[in-house]
Structures are given as C-alpha cells and as structure tokens.
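# When you get a sec, could you give me coordinates for this:
(chains A and B)
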Number of protein chains: 2
Amino acid sequence: MRVAVLGTGIVGRTLAGGLVAHGHEATIGTRDVAETLARTGSDAMGNPAYPQWAADHPDVRLATYADAAAGAELVVNATSGEGSIAALSAAGAENLAGKVLVDVANPLDFSAGMPPSLFVKDTDSLAEQIQRQFPDARVVKAFNIVNATIMVDPSGLPSDHTMFVSGNDADAKAAVVRLLEEFGHTDVIDLGDLTTARGPEMLLPLWLELWAALGTPAIAFKIVR
Amino acid sequence: MRVAVLGTGIVGRTLAGGLVAHGHEATIGTRDVAETLARTGSDAMGNPAYPQWAADHPDVRLATYADAAAGAELVVNATSGEGSIAALSAAGAENLAGKVLVDVANPLDFSAGMPPSLFVKDTDSLAEQIQRQFPDARVVKAFNIVNATIMVDPSGLPSDHTMFVSGNDADAKAAVVRLLEEFGHTDVIDLGDLTTARGPEMLLPLWLELWAALGTPAIAFKIVR
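Predicted coordinates for the structure are as follows:
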C-alpha cells in the first residue's frame, strides 16, 4: 500500500520505517522539503535531525504534505495535535477525499508547560475536529495510546495489550485493524463511531502520569474482560 | 478498622459489604436516615431499595453522614460526584480531619444525558476539589476505575489487572494499598500526588465506551510494562 505519513517527528519517522519494513511504500510529508532537508542537530528529545535519520532510511521518501497525500492510498496524521488541521489543510482536502485518514495525533496543549493539558476533550475530540474539517476523508483514530516504538513493534512488551479503533466508516476501520495486526497487535477493540475517539485521547494524561511513575514510556494498556 | 462509607448507592453498599466480609466494621452514611429507611421499589438500574439490601446485610450499620464519619478511622466517599462536596460537608470537616478519605467517586455530569461528560477534568480533578475543601483530610483517589463488584472482588476477572492510588500523604496511600490488597488486587501503582487523580478520573469516558462496545461493565485495566 502507498502510505503518506504526515509529520517528520519521531512518530512519523517510526511509522514510516515500520510501514516500509512491512512491505508498504511510505512517503513522509512535510511543510517545506528544503527546510526539512537543511535541518541539523538534535531536537529537544535528543532525536537526530531529519536528514540524519533519512540517510539510514533510503526507502522512505520525503515530499510536501500535498505531494505525499496526492500519491497515497492511505494517509497517516502524525503531526503535533496543535498543527494537525493546518498540516492536513496544506495536504489538501482533495488529496484526502475518499481515503482512510489514520489520526494518531493527540490534542496536547503545552502552552502552560509540563505536563501538557488537552486543547479538546470530553465532549469533542481532535479526530472529530479533523473529520468535520475534512468530511470526505474516512478518519480513523488509532495508535495514539502508545509510544512510536510500540506502535510498529509491540513485541518488546512482556505481555498482551489492547489497541483501539474509532471511526464512522467500517471499511476504513477494517483497513486500520489489518495494519495494526501486521505490526503485531493482537487485541484490537472497535470502540464505535468517531465520537469514541474521546476516550483514547483522554488516556493521555494517565499515560503521562504512568511514564513519570514508572520511569518508562514503554507502556501499553490491556483491557481485561 | 472502623470505616464510614458515605453513599447508599450500589458502590457504597458493595464497598460496605466487602469491608465487613474482610473483618472490618462498616457504617454507611446517608443524608437522612429515616428517609433512607422509608425507601421502597428499585432504582433506575434495578437495584433494590436500601431497606431491602440492608435486611440481607445486618452487619452494616446506617447513620447520618456526620455520625458515620465521627465514629470512623477511615472514610470512603462513595457518593455521586456532583453530590460529594455537599455530602462531605454534611459529614463535617471536623469528622474528616486527620483521617484517610478514600475518594472513589467520579465527576460525572449527566445534565446533557448519556453518555455523561466530566464536570471537572484535565487541569483539576474531583479529588483535588475535595482536598482543597477539606485540607485536614488525607485524600486518596482509588477504586474509581472499575465497577463496584470488581472493587471488592476482582477474582472474577480472567487475568491480572492494575489499580491506582493518588494522594499527598504516603501513609494514607499505604493504608489504601493494604485495603486494595485485602480485596484481592495484586498490582497497585502509586501514581504520585493528588494531581495524578486527573488521569484515572479521565479514564471514565473510555470505560463507558468499553462497556458499550463490549456489552459488559466487568472491565479492568492492566498496565503492561
């Protein structure tokens, strides 16, 4: 499958690398290709600049948001939550129409420092905001409850865990479930329509608390039932 | 231990019954004892009126909020979230001072129908509101992420699960961890100070979505790490 992964951060890179490792074609989308390729140094989390990562991943292409989305069968939103609508607008509603749009972003608000709060929650969600803005895209919320490494390879976890999908389009959700299963996730719960993205997005505060309490972001949730 | 359980609903009853079954003394607190004892019929969830339940649980006493709290070493807030501050005020700050106050309530707002939203979240929590209102109580958030049956007896779950405690007083948290362990919970994570009650309280929307998707409230969360 030809996949556009919007976002050059660690989540986008890891997802693109994982997709290629599983036989898919992946193009990372960015606002400005030349600017992205001119980056040097590391980010605040110690991740290398994009060109350094790209040198080790020659199979992953880089393109503008619009070019990446235009050539894709499936689009992944791996941008920051606050930048998601702008990035998807740059990708172009016409390049998203009819396509599965996997929203892995979280609506984190860092404006008051750490820990972040959520800029949308409870009675609405980022996934629903995206769906309203791009009504012809087939938005599926998924992946957002674990860190990037676990997203594409949960084999390092000591036991079984659960992943969620939320969306209004059954075929789109089925496509995302297949992708989750390719990556090794064995227990996927379909929560329902896109309003159910609220629950997984509201897991983020607990996820951040657990990271702090346990000293590791290698955390997943198993729904025991 | 002499425990006051504030709240005559299914959560309060089940906790009181579980405490007695584990050798504690339990007194349920209510606003108006005579009114509670005059109730007939079932509630909206099909639970019998209090007197019917009490007839099967002669070891659980009934008293006013204030009398129950005054005679207790540990107090459990099992009232509805919206009624918690009023119930605890009726119990009396002087009867809560210095005591462990286990807050099992959730800040559910049913004013717009089902599913409920949360009347406090993200940058504050019900547990913190209670602590601010009763600064001399030793508030511990716990139990609120599972249904009442699982709170006092998780043996029906098919596999291991996780419970959380949050609070500002280490000894108070240790007392609540002991209670959780008496009830059969084997994996308890201390999330940190009372601000970490936000994460578990924000689990409720996901819990409600899971109940709808899975068709059962017999759900628990295992933190895989």
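# OK, contacts around residue A:11?
By CB atoms under 8 Å, 6 or more residues apart in numbering or on different chains, the contact list for residue A:11 reads A:78, A:104, A:148, A:151. For the C-beta atoms, the positions are set from N, CA and C on the backbone; glycine is no exception.
# which ones among those are found in helices?
If you go by DSSP state H, these have A:148, A:151 in helices.
# Go through the contacts of residue A:11 and say which is closest to residue A:90.
Closest approach between the contacts of residue A:11 and residue A:90, by CB to CB: residue A:78, at 14.2 Å.
# Can I have the buried ones of the contacts of residue A:11 as a ChimeraX selection?
Selection command for ChimeraX covering only the buried members of the contacts of residue A:11, criterion 16 or more other CB atoms under 10 Å in any protein chain shown:
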select /A:78,104,148,151
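# with the contacts of residue A:11 in mind, which one is nearest to chain B?
Closest approach between the contacts of residue A:11 and chain B, by CB to the nearest CB: residue A:151, at 14.2 Å.
# Surely the closest one is in contact with residue A:12?
No - at 10.8 Å, residue A:151 does not count as touching residue A:12 under the criterion of CB atoms under 8 Å.
# Show me the strands in chain A, by range?
Remark: strands assigned in chain A by DSSP state E are A:2-6, A:25-30, A:61-64, A:74-77, A:100-103, A:108-109, A:117-118, A:138-141, A:163-167, A:188-192, A:220-224.
# Now mean neighbour count, mean pLDDT and distance to chain B too, for the ones you listed, in JSON lines please.
As requested, the strands of chain A are exported to JSON lines (neighbours: other CB atoms under 10 Å in any protein chain shown; pLDDT from 0 to 100; distance: least, CB to the nearest CB, whole Å):
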{"stretch": "strand A:2-6", "mean neighbour count": "25", "mean pLDDT": "98", "distance to chain B": "26"}
{"stretch": "strand A:25-30", "mean neighbour count": "26", "mean pLDDT": "98", "distance to chain B": "27"}
{"stretch": "strand A:61-64", "mean neighbour count": "18", "mean pLDDT": "98", "distance to chain B": "34"}
{"stretch": "strand A:74-77", "mean neighbour count": "28", "mean pLDDT": "98", "distance to chain B": "21"}
{"stretch": "strand A:100-103", "mean neighbour count": "29", "mean pLDDT": "99", "distance to chain B": "16"}
{"stretch": "strand A:108-109", "mean neighbour count": "17", "mean pLDDT": "98", "distance to chain B": "9"}
{"stretch": "strand A:117-118", "mean neighbour count": "20", "mean pLDDT": "98", "distance to chain B": "5"}
{"stretch": "strand A:138-141", "mean neighbour count": "29", "mean pLDDT": "99", "distance to chain B": "11"}
{"stretch": "strand A:163-167", "mean neighbour count": "27", "mean pLDDT": "99", "distance to chain B": "8"}
{"stretch": "strand A:188-192", "mean neighbour count": "19", "mean pLDDT": "98", "distance to chain B": "5"}
{"stretch": "strand A:220-224", "mean neighbour count": "21", "mean pLDDT": "98", "distance to chain B": "4"}
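# which ones are touching the closest residue to residue A:53 other than its chain neighbours?
Nearest residue to residue A:53 in three dimensions, chain neighbours excluded: residue A:13, at 5.5 Å (CB to CB, 6 or more residues apart in numbering or on different chains). With contact set as CB under 8 Å, 6+ apart, residue A:13 has these partners: A:28, A:50, A:53, A:57, A:60, A:148.
# buried sites along stretch A:29-36?
Under the neighbour-count criterion of 16+ other CB under 10 Å, stretch A:29-36 has A:29, A:30, A:31, A:33, A:36 buried.
# before we move on, the earlier item: out of the contacts of residue A:13, the closest to residue B:97 would be?
Proximity of the contacts of residue A:13 to residue B:97 was ranked by CB to CB; the top entry is residue A:148 with 47.5 Å.
# surely residue A:14 meets residue A:150?
No - judged on CB under 8 Å, residue A:14 makes no contact with residue A:150 at a distance of 9.5 Å.
# more neighbours, these two?
The residue with more neighbours, out of residue A:14 and residue A:150, is residue A:150; 24 against 20, by other CB atoms under 10 Å in any protein chain shown.
# Distance check, the residue nearest to residue A:120 when sequence neighbours are not counted against residue A:176.
Nearest residue to residue A:120 in three dimensions, chain neighbours excluded: residue A:107, at 4.7 Å (CB to CB, 6+ apart). Applying CB to CB, to the nearest Å, the value for residue A:107 to residue A:176 is 19 Å.
# any chance of the buried residues of stretch A:29-36 in JSON lines, with distance to residue B:165 too?
Formatted as JSON lines, the buried residues of stretch A:29-36 follow (distance: CB to CB, whole Å):
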{"residue": "A:29", "distance to residue B:165": "43"}
{"residue": "A:30", "distance to residue B:165": "43"}
{"residue": "A:31", "distance to residue B:165": "44"}
{"residue": "A:33", "distance to residue B:165": "49"}
{"residue": "A:36", "distance to residue B:165": "45"}
